[in-house]
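Chemist: One predicted model, sequence on top.
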Amino acid sequence: MRKNAIATFSLPPEIMTETEELAKEEKKTRSEVVREAIAQYYSNYKWRQLQKFGKKKAEELGLKTEQDVYNWLDKE
């Protein structure tokens, strides 16, 4: 039984070339490079979502400065 799912997708030739060069330089497979890139993209996405949530909450609580946040945290 396979450990990984197989995905097929297309890349512009220049990105494919860069991916292959990076894989060679890093002594990794092309798949490892792509997996790591997707994992990093997802991590960045989750961080952006958390930042949006924090900004919305800060606005709801009337927190405008970093000091406002510290003051609010000290009250809790």
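Modeler: Done, it's in. Residues are numbered from 1 along each chain as shown.

Chemist: Next secondary structure after the helix or strand hosting Lys46?
Modeler: Applying DSSP states H and E as the criterion places Lys46 in helix 30-61. Later in the chain than helix 30-61, the nearest helix or strand by DSSP H and E is helix 66-75.

Chemist: just checking, what packs against that following helix?
Modeler: In terms of contacts (3 or more C-beta pairs under 8 Å, 6 or more residues apart in numbering; DSSP states H and E), helix 66-75 is packed against helix 30-61. (Glycine included, C-beta is placed from N, CA and C.)

Chemist: Buried residues, the helix it packs on. List them.
Modeler: Of the residues in helix 30-61, 33-34 count as buried by neighbour count, 16 or more other C-beta atoms under 10 Å.

Chemist: show me what contacts Glu25?
Modeler: Contact analysis of Glu25 by C-beta atoms under 8 Å, 6 or more residues apart in numbering lists nothing.

Chemist: again, 10 Å this time
Modeler: Residues in contact with Glu25, defined by C-beta atoms under 10 Å, 6 or more residues apart in numbering, are Val33.

Chemist: What of Leu63?
Modeler: Neighbours of Leu63 in contact, by C-beta under 10 Å, 6+ apart: 54-55, 57, 69-73.

Chemist: Pull the distance from the helix holding Lys46 to the chain's centre.
Modeler: 4 Å (C-alpha atoms, centre = their mean, to the nearest Å).

Chemist: just stretch 4-24 next, same as before
Modeler: Taking C-alpha atoms, centre = their mean, the mean C-alpha location of stretch 4-24 is offset from the chain mean by 19 Å.

Chemist: what does it contact?
Modeler: Outside stretch 4-24, the residues touching it (C-beta under 10 Å, 6+ apart) are 28-38.

Chemist: Quick one: work out the angle between the helix or strand of the chain with the lowest mean pLDDT and helix 30-61.
Modeler: Within the chain, confidence by mean pLDDT, DSSP states H and E is lowest for helix 66-75 among all helices and strands, at a mean of 91. Angle of helix 66-75 versus helix 30-61, following axes from the mean of the first three to the mean of the last three C-alpha atoms, to 10 degrees, is 80 degrees.
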